[in-house]
Structures are given as structure tokens and as C-alpha cells.
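Asks: Here you go, sequence then predicted model.
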Amino acid sequence: MCIMLGDLKDIRLKLGLTQFELAVQSGVSLPTIQNIEAGKANPSLDIIDKLMEALGLKLKIEFPEINIEIAATLGVPLSRKSNLKMTVSKDLLRREARKWALSFEYTNFTEREKLAFSSFLCAIKDHWPSFYNEIKTPLFEEEIQKIRKNGHAIKLRRISISNLSKYL
């Protein structure tokens, strides 16, 4: 089951806890709990974890799954071709790139797939810098620096530029 912060009050009430009791059990201040329940707070993961633990729940963070077929459709120079029939746009690339940023480090990519994604991002950075600024993350910057020294990445970058030039 997935719960949102807005469900915190309902869960607390179902367990028969007052805000004060939750504060004591979790170690989170009463005003913080009041603000979270009122939708006026943006709590850290540490605070959310403390509240969940006090309520007998576990905090689980899941990263979005990267769809290799969509990536290939967007122009990432992967060794497999995509059969997806979809409209490619800047918005779609922006959404997918944000997923890549969140999941890149935690996905079981092959070295070849990592090189393809990094080359693709490098092509965007070099040829469409304003668009790159919309999607960049420290992780992307780190990956791009790694591949700049890789000769195989030059060919993949050229393929990426050709693919990207169709819609960027």
C-alpha cells in the first residue's frame, strides 16, 4: 500500500493517537506534525521516516523504471532498435531524462548502455545547452566527464546528435 503525507492524519486517528502522542513516540515536534497534517510543511525524509516508524509503517523509496524502448525511440544510441510508435517531443525527452537522473545510479545497465546514455546526454549538453540546463543533474555532469575521455563515445555522440536533430 502506498500512502501520502495527506494520509498521516487518517492513519494516526485510526490508531487512536493524538498529535501529541505521535510527537512523543516519534521524536518529531508537535508543531511539525501539526504543519504536516495541515499541508503547510515540507518534511525531510528523516522526519517522515520517524513518523512512519512510530505509526508502525515502513518508508520505501522506489525509483522509476527506465524503459529502454522509449530511450531508443528518443534517440539514445542503444544496440537494440525500438518498435514503439510514438510522437517524440522535447516534453517527452524532458520527462524521461528526469527519470534517468533519478534511476541511473540504481539501474542495472550494462557498460554499453551506460556509455550510450552518457553519450546522448553529452550530445545534448554540447549542441543544445539551453535544453540541457533544463534536465541537468550532478549525476549527469559526472557521467559526461567520465565519457569525454572515451573514444568509443565519440561515435555514439554523433549518432545521438543525428537522432536528436530531428526534434530538438
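Replies: Structure received. Just so it is clear, the structure is predicted and the values come from calculations on it, not from any experiment.
Asks: CA atoms for contacts and neighbours, from now on please.
Replies: Will do.
Asks: What is the subsequent helix or strand relative to the worst-scoring helix or strand of the chain on mean pLDDT?
Replies: Within the chain, no helix or strand scores below helix 138-147, which has a mean of 81 by mean pLDDT, DSSP states H and E. Per DSSP states H and E, the first helix or strand lying C-terminal to helix 138-147 is helix 151-164.
Asks: What angle do helix 151-164 and the least confident helix or strand of the chain make with each other?
Replies: 130 degrees (axes from the mean of the first three to the mean of the last three Cα atoms, to 10 degrees).
Asks: CA atoms only for helix 138-147, dumped as PDB, please.
Replies: Provided in PDB are the C-alpha atoms of helix 138-147 (Å, rounded to 0.1, in the frame of the first residue of the first chain):
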ATOM      1  CA  PRO A 138      25.200  16.500 -10.800                       C
ATOM      2  CA  LEU A 139      25.000  12.800 -11.700                       C
ATOM      3  CA  PHE A 140      24.700  13.700 -15.400                       C
ATOM      4  CA  GLU A 141      27.700  16.000 -15.100                       C
ATOM      5  CA  GLU A 142      29.700  13.200 -13.600                       C
ATOM      6  CA  GLU A 143      28.800  10.700 -16.300                       C
ATOM      7  CA  ILE A 144      29.600  13.200 -19.000                       C
ATOM      8  CA  GLN A 145      33.000  13.900 -17.600                       C
ATOM      9  CA  LYS A 146      33.800  10.200 -17.500                       C
ATOM     10  CA  ILE A 147      32.900   9.600 -21.200                       C
END
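Asks: chain center to it, what's the gap?
Replies: Centroid separation for helix 138-147 versus its chain: 16 Å, with Cα atoms, centre = their mean, to the nearest Å.
Asks: For the residue sitting nearest the centre point of the chain, give me its contacts.
Replies: Compute the mean C-alpha point of the chain, and by Cα atoms, centre = their mean the closest residue is residue 102, 2.6 Å away. Contacts here follow Cα atoms under 8 Å, 6 or more residues apart in numbering; on that basis residue 102 touches 63-64.
Asks: In three-state terms, label it for me.
Replies: For residue 102, the assignment made with DSSP: H, G, I helix; E, B strand; the rest coil gives helix.
Asks: so how far is residue 9 from it?
Replies: As judged by Cα to Cα, to the nearest Å, residue 102 and residue 9 stand 29 Å apart.
Asks: What of residue 91?
Replies: For residue 91 relative to residue 9 (Cα to Cα), the value is 36 Å.
Asks: Looking at the two now, which is surrounded by more residues?
Replies: residue 9 (18 against 9; other Cα atoms under 10 Å).
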